[in-house]
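1. I need the structure of the sequence given here:
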Amino acid sequence: MAEEATKHPLPNRRQLRVKIMQAIYAVFSSGNSAHEVFGHLLEATYKPFREADKTDEAVREDAEFIHQLYYGTLKEQQEMELLITQKLEKWDLKRVALIDRILILMGLYELLQFPEIPIKVSINEYIEIAKNFSTEKSSQFVNGVLDAIQRELKAENKIKKVGRGLLENS
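-> As a prediction, this is how the structure comes out:
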């Protein structure tokens, strides 16, 4: 019991998303490789998950979440930017604030690659992060772009959500 009380709690998913956003920002703005940035900025966050009780499924899922969201967002960046650009009426993607662009990329990747996370949860998480880390109107912008993209992808049956409570009525 005393040992558990001295342990630092593991970060929650929103805190993980923020750390991943910061790491992706570092990749985009520093010119360092994704692997270098992971080692400098995310390894300290990732390590406790790796070293935690391996029988705890939630801990394993969070470790996988960190790794997949970070590397997956970077790997699929160009493909996802094409989808985003289609929704930016009269805007060049380069004019979008870097933090907003990263949040939309991460949100889109999460919508597409994490079937166990409900669409509304993903979008709401990125709206809240935008409120704390970007401009006054960023949360509305992030919401509008992610919502428009998810509607289109859902209509094309490209977003697959599975699990209890994740299947929405048409």
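2. can you list the domains in this structure?
-> Following automatic domain parsing, one finds the domains of the chain at 10-75, 77-156.
3. can you tell me the closest non-neighbouring residue to Val18?
-> Ile129 (6.0 Å; C-beta to C-beta, 6 or more residues apart in numbering). C-beta coordinates here come from the backbone N, C-alpha and C atoms, glycine included.
4. on that earlier part again, and the domains of the chain, which one averages the lowest pLDDT?
-> The stretch with the lowest mean pLDDT among the domains of the chain is domain 10-75, at a mean of 91.
5. the residue positioned nearest the centre of the chain: what's it in contact with?
-> Compute the mean C-alpha point of the chain, and by C-alpha atoms, centre = their mean the closest residue is Met106, 3.7 Å away. Residues in contact with Met106, defined by C-beta atoms under 8 Å, 6 or more residues apart in numbering, are Arg17, Ile20, Met21, Ile24, Leu69, Thr73, Tyr126.
6. now rank these by neighbours and give me the top one.
-> Counting neighbours by other C-beta atoms under 10 Å, Tyr126 leads the contacts of Met106 with 28 neighbours.
7. what sits against that one?
-> Residues near Tyr126 by C-beta under 8 Å, 6+ apart: Arg17, Leu103, Ile104, Met106, Gly107, Val142, Asn143, Leu146.
8. likewise for Thr45?
-> Contacts of Thr45 by C-beta under 8 Å, 6+ apart are Pro11, Leu16, Lys19, Ile66.
9. also His40?
-> His40 touches Ala26, Asn32, counting by C-beta under 8 Å, 6+ apart.
10. so which elements touch the one helix or strand Glu64 maps to?
-> Assigned by DSSP states H and E, Glu64 belongs to helix 57-75. For helix 57-75, the elements it packs on are helix 13-30, helix 34-37, helix 43-51, helix 98-113, judged by 3 or more C-beta pairs under 8 Å, 6 or more residues apart in numbering; DSSP states H and E.
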